[in-house]
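Enquirer: build me a model:
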Amino acid sequence: MKTKILLAEDDPDFGMILKQYLELEDFEVVWFQNPEEIVGLLSTDFPFHLGILDIMMPSIDGFSLAKMILKEKTNFPLLFLTAKNQKIDRLMGLKIGADDYIAKPCDPEELVLRIRNILKRTQPAATLQIRIGEYSLDTEKLLLSHPEGNVRLTIREQELLLYLLKHNHTMIKRDDILDNIWETNDYFTGRSLDVFISRLRKYFLADSKIKIQSLRGIGFEVDFPTN
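Expert: Residues are numbered from 1 along each chain as shown. So this is what the prediction gives:
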């Protein structure tokens, strides 16, 4: 079965180019020029594996559309198409929960590579229960549980957490995290990493023994009590 991609792009020329190129790469692409049509599908089975959303669209912008999708389809993989060098757009998209972004006009080969990396990360894995201090992590459900409440992680948040756990009680370089998790290292991904670290700190506030310490200019040192 082919991977089915939802493409939201109002530019007819650019949208057609992307659709045709992705189909040549053996993806099935459903292209929407009107984002309102996508909203109407959210109450259905929504048979897509990944969404590519342009940020600047009429009636509903890409950010608003992403929030609507993620509200109904938690952890649905999303990739934003942003205007070149729009730092605010990129950071906003990552805060919303996008898995990646790429600037327009984009290299089709780079877009396909990013799509495949996202799909690789989002493939179902064997269920793993991990004790982290007073918390429990269910890797299949992306569920971080604590007696005071549960948190549903995004795929990227869980990837980062598992990487930190793998390097527990050691100094972890920022560059190593970016190269292994984001698979790229620039200003925008560096800011994205800071956003994700802040989220993880917030999630673990109920256990004072858990530490995620920043080492200025170097990286992080973590202390996760595990059983």
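Enquirer: hmm, L128 is touching T139, no?
Expert: Yes - between L128 and T139 there is a contact at 4.2 Å, judged by CB atoms under 8 Å. Where C-beta positions appear, they are placed from N, C-alpha and C, glycine not excepted.
Enquirer: the two: which has the busier surroundings?
Expert: The residue with more neighbours, out of L128 and T139, is T139; 16 against 10, by other CB atoms under 10 Å.
Enquirer: now do that one against Q158, distance only.
Expert: Plainly put, T139 is 7 Å away from Q158 if you go by CB to CB, to the nearest Å.
Enquirer: CA atoms of the host helix or strand of R199 as CSV?
Expert: Using DSSP states H and E, the element containing R199 is helix 187-203. C-alpha atoms of helix 187-203 as CSV (Å, rounded to 0.1, in the frame of the first residue of the first chain):
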residue,chain,number,x,y,z
TYR,A,187,19.9,28.1,13.9
PHE,A,188,16.3,27.0,13.5
THR,A,189,16.8,23.4,14.6
GLY,A,190,18.8,24.7,17.6
ARG,A,191,16.0,26.9,18.6
SER,A,192,13.6,24.0,18.1
LEU,A,193,15.7,21.8,20.4
ASP,A,194,15.5,24.5,23.1
VAL,A,195,11.7,24.5,22.8
PHE,A,196,11.5,20.7,23.2
ILE,A,197,13.9,20.7,26.2
SER,A,198,11.6,23.3,27.9
ARG,A,199,8.6,21.0,27.3
LEU,A,200,10.3,18.0,28.7
ARG,A,201,11.4,20.0,31.8
LYS,A,202,7.7,21.0,32.3
TYR,A,203,6.5,17.4,31.9
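Enquirer: and that helix, what does it pack against?
Expert: helix 87-96, helix 155-166, helix 174-177, strand 211-215 (3 or more CB pairs under 8 Å, 6 or more residues apart in numbering; DSSP states H and E).
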